[in-house]
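Enquirer: just need the structure, nothing else, for what follows:
(one chain, ligands or ions: 1)
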Amino acid sequence: MIDLRSDTVTTPTEGMRKAMANAVVGDDVFSEDPTVNELQEYVAELFGKESALFVPSGCMGNQISLAVHAKTGDEVIVEGESHIFHYETTAPSIIARVQVRCVNSASGEMNPSDVEAAIRPGAYYFPRTSVVCVENTHNRHGGTVVSLDNIKALREVCSKHSLAFHCDGARIWNASAKTGIAVNEYAQYFDTLSVCLSKALGAPVGSLIVCKKEHTEVARRWRKILGGGMRQAGVLAAAGLYAIKEHFPLLPQDHENAEAFATTLYESEIVQVDNYPVQTNIVVFKPNAPNVDITEFIAGCQTEGLRISPGREGGWLRAVFHHQVSKQDGLKAAEVIITQAKKYRLS
Ligand code: TLP
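Expert: Numbers count the residues shown, from 1 in each chain. I've put the predicted structure just below:
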């Protein structure tokens with residue numbers, strides 16, 4: 001079975017399992033797990049920030065970051081297709097207790113003037129805008145990279161209006177691998193970044209919130225409130241350290257495999273590819289035929305040995321590349337999709 005549902009489906013390699021088995025551990029609720037501490041220090045340095053906090057998931061990383069910056073009843077600006085808006089089970093309204101306001105864009109880069117226009121005036125009956133969030137790379141837009149120029153321009157808007165600036169950097173690694181821009185160059189513009197180890201990098205679990213020390217201390221309290229204080233988490237941190245050191249350099253291969261897959265689909269003219277040419281490891285596509293039942297299409301692919309997932313509304317599908325699928329797997333996957341799409345053209 002070729003599994004392209006997500007880059008979250010990877011399993012730990014032999015090397016990673018060894019690193020996990022050999023991890024020196026302690027109780028991280030007392031900040032005494034040496035491997036968690038090593039991971040946090042390593043990631044903080046990599047991103048050029050004062051500190052980093054290990055949290056169980058990307059959702060928790062985003063939600064804690066919002067809670068650090070916003071007060072109850074505030075409004076937070078996110079991109080219209082963002083993960084925070086679509087896939088975090090309305091957590092902003094439950095945890096930070098804020099309202100989310102969407103600014104739409106074609107490929108994940110919000111226009112700074114649209115963001116500025118979405119900031120509420122000061123009158124007491126408006127919500128108070130307090131945070132702007134960027135997602136890099138952008139999942140639902142097909143793994144697109146948000147450019148440094150866009151980030152800089154949004155930072156200026158945030159600074160002008162005294163807003164906090166957060167990055168959902170679940171796949172910031174892919175942005176960096178694609179552009180050659182170091183993660184600390186991206187990070188310098190944000191107050192907080194949530195970065196994942198369990199997506200492109202192939203660790204089994206874990207994310208980090210990277211920020212200033214004073215924000216980490218507030219984040220640590222929120223992590224405890226949410227039940228995210230882990231004990232001998234060093235076994236997981238060891239997987240994370242291994243993933244950054246050993247798997248980060250593999251990302252260009254995933255991007256190449258995604259590109260070969262997307263190009264085969266695109267050239268078939270039977271399948272539309274969103275934001276072609278694809279930039280990183282996510283391909284969003286749809287069969288170029290009317291009345292395609294997406295559930296049936298996905299089931300048809302599965303019968304042929306391929307797993308994919310639904311994408312955005314409007315009949316889009318998604319394939320995500322990771323280090324446990326090869327270029328051949330990708331090309332075979334494209335063939336399966338084209339064959340399925342042809343069936344709809346004929347019917
Ligand atoms: N994304 C998952 C699904 O939730 C859609 C995936 O398969 O891509 N930010 C971004 C940009 C993400 O893509 C994800 C996971 C998260 C945050 C949340 O991470 P976790 O699953 O660790 O909470």
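Enquirer: show me what contacts the residue of the stretch 51-200 of the chain at minimum distance from the ligand?
Expert: Proximity of the stretch 51-200 of the chain to the ligand (CB to the nearest ligand atom) peaks at Gly58, 2.5 Å away. C-beta: built from backbone N, CA, C; applies to glycine. The contact partners of Gly58, taken as CB atoms under 8 Å, 6 or more residues apart in numbering, are His83, Asp168, Ala170, Ser194, Cys196, Ser198, Lys199, Ser207.
Enquirer: narrow the residues you listed to those in helices?
Expert: His83 (DSSP state H).
Enquirer: now narrow the contacts of Gly58 to whatever sits close to the ligand.
Expert: Of the residues in those, proximity to the ligand by CB under 6 Å from any ligand atom holds for His83, Asp168, Ala170, Cys196, Ser198, Ser207.
Enquirer: with adjacent residues omitted, what lies nearest to the third one?
Expert: So the one you mean is Ala170. Leaving aside its sequence neighbours, Ala170 sits nearest to Cys196 (CB to CB, 6 or more residues apart in numbering; 4.2 Å).
Enquirer: one step back: save the ones next to the ligand among the contacts of Gly58 as JSON lines, and put in pLDDT and neighbour count too.
Expert: Output for the ones next to the ligand among the contacts of Gly58, formatted as JSON lines (pLDDT from 0 to 100; neighbours: other CB atoms under 10 Å):
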{"residue": "His83", "pLDDT": "98", "neighbour count": "20"}
{"residue": "Asp168", "pLDDT": "99", "neighbour count": "30"}
{"residue": "Ala170", "pLDDT": "98", "neighbour count": "29"}
{"residue": "Cys196", "pLDDT": "98", "neighbour count": "27"}
{"residue": "Ser198", "pLDDT": "98", "neighbour count": "23"}
{"residue": "Ser207", "pLDDT": "98", "neighbour count": "30"}
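Enquirer: looking at those, which is nearest Ser6?
Expert: Proximity of the ones next to the ligand among the contacts of Gly58 to Ser6, judged by CB to CB, is greatest for Ser198, which lies at 9.9 Å.
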